[in-house]
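> test case, fold it:
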Amino acid sequence: MTLRFLNREEELDRLLGATQGPDGSFLVIYGRRRIGKSRLLAEFLRDQPAVYYVGDDREASLQRSALATEIGRIIPGFESVEYPQWQALLDRWHLEAPPGAILAIDELPSLVTVSKELPSLLQKLVDRKRSKPLHLVISGSSQRMMHGLVLDQQAPLYGRAVQMMRLEPLGIEHLSKAFSISNAAEVISAYSIWGGIPRYWELARDFPNTQEAFHDLVLDPLGPLHHEPDRLLRDELRDTRQAASILALVASGCHRMSEIAGRLGKPASSMTRPLAMLVEMGFVAKEHPFGAPKRSSKKTLYHVADPFLATWYRFVEPNRSLLEIRQFKTALAIIKKEWDLYMGQAWEQIVRQNIPWLRIDDTDWLPASRWWGPGLDRKELEFDLVAQSASDPDHLLIGEVKRSMKPGHAQTLLKKIQRLPLAKGKRISSVLFSVEPSSKTAKAPVHHMSAAMLLRQVSKAKA
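Reported below is the predicted structural model:
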């Protein structure tokens with residue numbers, strides 16, 4: 001079932017605005033596979049004189065012929081000529097394309113692998129003087145190659161784009177609309193698996209519930225998402241083994257660089273570059289205690305940032321042998337033992353990510369982080385989230401994230417705050433988050449916010 005177009009209005013407006021002027025334009029869209037680049041292009045190109053072509057790995061002559069066929073839809077007879085070189089095809093496009101025409105090449109990195117001269121030829125096309133506005137749009141899933149084509153100072157197309165968009169995953173507030181789910185706990189569960197990737201949502205919508213979708217799409221070796229991490233890594237890396245190993249270790253609980261290096265039998269210094277690359281791709285995130293210097297590597301932790309990859313490496317990767325021989329019952333029994341703990345951790349991450357969109361204690365807040373370290377009594381202490389007021393650096397939000405509210409949670413939080421070193425001399429707003437609504441109110445001055453309340457506030461703030 002096709003998912004309706006969601007939350008790309010700002011990107012769409014920017015693309016449309018860039019092509020409305022009297023001059024031509026060069027536009028760039030990139031982001032991981034299945035994030036909605038092609039769908040955004042389809043919406044953008046609708047009702048416009050446009051050519052849309054998806055690059056692939058076939059021989060260049062076959063791709064020129066295929067592109068010529070697409071161009072023939074707006075320039076009659078274009079496909080009837082054989083183009084021995086890309087230059088000839090692009091020259092004719094420049095000469096005969098109607099004013100305002102858009103040439104959109106999706107998955108350009110695949111095309112460049114068989115036509116390495118193409119970026120330089122496209123640069124000449126963009127720079128060429130013209131008597132009519134013509135527009136070029138390129139898109140790609142390989143973030144590494146798109147960086148090399150457009151962001152590298154040595155690249156032919158560097159500095160020429162009037163709009164360059166990296167598409168990010170959709171926020172949790174859109175998932176309930178996509179799935180027509182009204183139950184907040186189900187929204188949290190679904191987002192904890194699929195994250196904000198529209199194509200995953202589209203596939204999962206055909207199932208009656210999240211559990212069945214996860215089984216058939218991800219756990220089953222025949223499922224379309226069973227090998228998804230392999231494809232994601234191959235988009236970015238020539239050798240995926242080290243990156244896959246790092247993701248598996250981080251998902252299983254190795255959060256320090258020294259731990260990861262030790263498990264791989266390598267010096268910690270050799271992990272700096274591969275971890276930085278995974279962070280840049282958005283697959284892994286660095287974490288520091290609230291208030292700690294960002295450059296302090298001693299307290300740096302790493303976690304798998306993408307919910308789908310976190311779920312896959314936590315539950316699919318360690319059980320691949322069982323799943324391959326279709327021992328689903330045994331694999332599911334193993335997964336069930338850790339599932340609630342994992343969902344609790346995912347809920348914590350969802351809360352932290354959305355703190356800037358929440359208004360608590362009549363205050364807006366900056367991004368939240370965890371905090372861990374010795375308390376005032378020298379005993380180890382940890383908080384699920386700490387954030388600073390957007391208007392007052394001496395006002396802190398300190399909170400804990402629970403699956404459900406129980407008597408005593410509020411009092412426990414207040415006692416913990418008394419042991420927190422960075423709370424001294426600060427104004428404190430305390431809050432408890434729970435997935436399920438509570439029949440008991442948190443003891444003053446502790447605020448309580450359920451998942452349903454969080455989703456309502458985030459939806460309203462982002463509307």
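
> so what does the lowest-mean-pLDDT helix or strand in the chain touch, helix or strand wise?
The helix or strand of the chain with the lowest confidence, counting by mean pLDDT, DSSP states H and E, is helix 143-146 at a mean of 81. The helices and strands touching helix 143-146, judged by 3 or more CB pairs under 8 Å, 6 or more residues apart in numbering; DSSP states H and E, are strand 25-30, helix 108-114, helix 228-236. C-beta: built from backbone N, CA, C; applies to glycine.

> for burial, what's the neighbour tally of residue 174?
When neighbours are counted by other CB atoms under 10 Å, residue 174 registers 19.

> quick check: it touching residue 8?
No: Residue 174 is beyond contact range of residue 8, at 10.3 Å (criterion: CB atoms under 8 Å).

> which positions within stretch 111-121 qualify as buried?
Using 16 or more other CB atoms under 10 Å as the test for burial, stretch 111-121 gives 111-112, 114-115, 118-119, 121.

> what about the closest residue to residue 452 other than its chain neighbours, neighbour count?
Of all residues not flanking residue 452 in the chain, residue 184 sits nearest, at 3.9 Å (CB to CB, 6 or more residues apart in numbering). Residues within reach of residue 184, counting by other CB under 10 Å, total 19.

> list the contacts of residue 184.
Shown in contact with residue 184 (CB atoms under 8 Å, 6 or more residues apart in numbering): 435, 450-452, 454-455.

> please narrow the residues you listed to those residing in strands.
Counting by DSSP state E, the part of the contacts of residue 184 found in strands is residue 450.

> quick one, helices of the stretch 151-300 of the chain?
Here the stretch 151-300 of the chain has its helices, by DSSP state H, counting those that start in this stretch, at 175-179, 184-194, 198-204, 210-214, 228-236, 241-251, 257-264, 272-280.

> out of those, nearest to residue 88?
Checking the helices of the stretch 151-300 of the chain against residue 88 by CB to CB gives helix 228-236 as the closest, at 30.7 Å.

> can you give me the buried ones in the closest one?
Within helix 228-236, the residues that count as buried by 16+ other CB under 10 Å are 228-229, 232-233, 235-236.

> could you do stretch 317-329 as well?
Taking 16+ other CB under 10 Å as the criterion, stretch 317-329 shows 317-319, 322-323 as buried.

> what's the answer for stretch 275-287, then?
Using 16+ other CB under 10 Å as the test for burial, stretch 275-287 gives 275, 277-278, 281-284, 287.

> export those residues as JSON lines, with columns for distance to residue 126 and pLDDT.
Below are the buried residues of stretch 275-287 laid out as JSON lines (distance: CB to CB, whole Å; pLDDT from 0 to 100):
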{"residue": "275", "distance to residue 126": "36", "pLDDT": "95"}
{"residue": "277", "distance to residue 126": "29", "pLDDT": "93"}
{"residue": "278", "distance to residue 126": "32", "pLDDT": "95"}
{"residue": "281", "distance to residue 126": "27", "pLDDT": "91"}
{"residue": "282", "distance to residue 126": "28", "pLDDT": "92"}
{"residue": "283", "distance to residue 126": "32", "pLDDT": "96"}
{"residue": "284", "distance to residue 126": "35", "pLDDT": "97"}
{"residue": "287", "distance to residue 126": "41", "pLDDT": "94"}
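
> averaged pLDDT, the one helix or strand residue 122 maps to. What do you get?
Assigned by DSSP states H and E, residue 122 belongs to helix 118-127. Throughout helix 118-127, pLDDT has a mean value of 94.

> give me the contacts around that helix.
By CB under 8 Å, 6+ apart, helix 118-127 touches 24, 26, 86-87, 90, 93-94, 108, 111-112, 136, 138, 149, 155-157, 160.

> distance check, residue 394 against residue 428.
Applying CB to CB, to the nearest Å, the value for residue 394 to residue 428 is 10 Å.

> neighbour count: those two, which is higher?
The residue with more neighbours, out of residue 394 and residue 428, is residue 428; 16 against 9, by other CB under 10 Å.

> bridged to that one, which residues?
Residue 428 has these beta-bridge partners by DSSP bridges: residue 396.

> OK, contacts around it?
395-396, 398, 417.

> Throw the residues you listed into JSON lines and include pLDDT, neighbour count and distance to residue 346, thanks.
Formatted as JSON lines, the contacts of residue 428 follow (pLDDT from 0 to 100; neighbours: other CB atoms under 10 Å; distance: CB to CB, whole Å):
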{"residue": "395", "pLDDT": "98", "neighbour count": "17", "distance to residue 346": "28"}
{"residue": "396", "pLDDT": "98", "neighbour count": "23", "distance to residue 346": "25"}
{"residue": "398", "pLDDT": "98", "neighbour count": "25", "distance to residue 346": "21"}
{"residue": "417", "pLDDT": "97", "neighbour count": "19", "distance to residue 346": "25"}
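
> quick one: buried residues of the helix or strand hosting residue 432?
In the assignment (DSSP H and E), residue 432 maps to strand 427-434. Buried residues in strand 427-434, counted by 16+ other CB under 10 Å: 428-434.

> which residues touch residue 26?
When the contact criterion is CB under 8 Å, 6+ apart, the partners of residue 26 are 126, 135-138, 157, 160-162.

> so which residue is smack in the middle of the protein?
The residue lying closest to the centre of the chain (CA atoms, centre = their mean) is residue 169, at 4.0 Å.

> for the residue lying closest to it once chain neighbours are set aside, what are its contacts?
Closest residue to residue 169 apart from its sequence neighbours, by CB to CB, 6+ apart: residue 196 at 2.8 Å. Residue 196 makes contact with 168-172, 174-175, 307, according to CB under 8 Å, 6+ apart.

> measure residue 196 to residue 317 for me?
Taking CB to CB, one finds residue 196 at 22 Å from residue 317.
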